[in-house]
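A.B. asks: Sequence and computational prediction follow.
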Amino acid sequence: MRKNIVLAFAILTGAIGGDSVVSGQVPRSAGAQHAQEYRNYEGPPVTLTALLREAADKNPDLIVLRQQIDVMRQRPAQQRGLNPPMAEAQIWQWPINSINPANTNMYMFMVSQELPGRGKRDLRAAVAEKDIALAENDVTVRARQIVNEIKQAYATLFIARKAIDVHLESVDLLRQIADV
């Protein structure tokens, strides 16, 4: 009775084909061939260093942050210069019933230039340089986050492949138990 249950279990799980039960012989290479068939992974082999190098070169977040640093490096020179001059025009006593600006009584044209106090421009340039340092730190932090994410994904892939190998080996072991 017990032998029939084991054989029925083996047939239902697919460990033994129906014709091999009758003959009493199970091909042992079928289980090993089955395990080797699923251990072949598609695509080229991937190394962690290759993934990290590609992420450092082609990650869009890092590319954008590096381009922002290039822009920020030009700001200290801009901050050392004077602000642009401003030109203004004001019109007073423009009548409500007239669209023509020539009918107004007063015009005032002004040109102004802001002159910062002593040392103000150098302080602005120093702040811009500190912003550059902060932006470079942002790139470093984001690069480390990306490296960490890649390492975690690579470890997850490794664990998943090992789990598949363990599962396939347990299938082979179950086939051997069913044979016994």
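C.D. replies: The structure has been received and is ready for your questions.
A.B. asks: Against which helices or strands is the longest helix seen in the chain packed?
C.D. replies: Looking across the chain with DSSP state H, the single longest helix is helix 120-179. Packing partners of helix 120-179 (3 or more Cβ pairs under 8 Å, 6 or more residues apart in numbering; DSSP states H and E): helix 2-13, helix 28-39, helix 48-58, helix 60-72, helix 75-80. The C-beta positions use only the backbone N, C-alpha and C, and glycine is treated the same way.
A.B. asks: okay, the angle between that helix and helix 60-72?
C.D. replies: Helix 120-179 and helix 60-72 meet at an angle of 170 degrees, taking axes from the mean of the first three to the mean of the last three Cα atoms, to 10 degrees as the criterion.
A.B. asks: Could you check the angle helix 120-179 makes with helix 48-58?
C.D. replies: Orientation check (the same axes, to 10 degrees): helix 120-179 against helix 48-58 gives 150 degrees.
A.B. asks: what about helix 120-179, average pLDDT?
C.D. replies: Mean pLDDT, helix 120-179: 90.
A.B. asks: go on, stretch 97-117?
C.D. replies: Model confidence over stretch 97-117, given as mean pLDDT, is 85.
A.B. asks: What of stretch 56-72?
C.D. replies: Here the average pLDDT along stretch 56-72 is 92.
A.B. asks: Quick check: buried residues in it?
C.D. replies: Buried residues in stretch 56-72, counted by 16 or more other Cβ atoms under 10 Å: Leu62, Leu65, Ile69, Met72.
A.B. asks: now do stretch 118-137
C.D. replies: So stretch 118-137, judged by 16+ other Cβ under 10 Å, has buried residues Arg124, Ala125, Ala128, Ile132, Ala135.
A.B. asks: can I get the CA coordinates of that stretch in PDB?
C.D. replies: Output of stretch 118-137 as PDB, limited to C-alpha atoms (Å, rounded to 0.1, in the frame of the first residue of the first chain):
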ATOM      1  CA  ARG A 118      32.700  96.900   0.300                       C
ATOM      2  CA  GLY A 119      33.300  93.100   0.200                       C
ATOM      3  CA  LYS A 120      29.700  92.200  -0.700                       C
ATOM      4  CA  ARG A 121      30.600  90.800  -4.100                       C
ATOM      5  CA  ASP A 122      33.300  88.700  -2.700                       C
ATOM      6  CA  LEU A 123      30.900  87.300  -0.100                       C
ATOM      7  CA  ARG A 124      28.400  86.500  -2.900                       C
ATOM      8  CA  ALA A 125      31.100  84.700  -4.800                       C
ATOM      9  CA  ALA A 126      32.100  82.700  -1.600                       C
ATOM     10  CA  VAL A 127      28.400  81.600  -1.200                       C
ATOM     11  CA  ALA A 128      28.400  80.500  -4.900                       C
ATOM     12  CA  GLU A 129      31.600  78.500  -4.300                       C
ATOM     13  CA  LYS A 130      30.000  76.800  -1.200                       C
ATOM     14  CA  ASP A 131      27.000  76.000  -3.400                       C
ATOM     15  CA  ILE A 132      29.400  74.300  -5.800                       C
ATOM     16  CA  ALA A 133      30.800  72.200  -3.000                       C
ATOM     17  CA  LEU A 134      27.200  71.200  -1.900                       C
ATOM     18  CA  ALA A 135      26.300  70.200  -5.400                       C
ATOM     19  CA  GLU A 136      29.400  68.100  -5.700                       C
ATOM     20  CA  ASN A 137      28.400  66.400  -2.400                       C
END
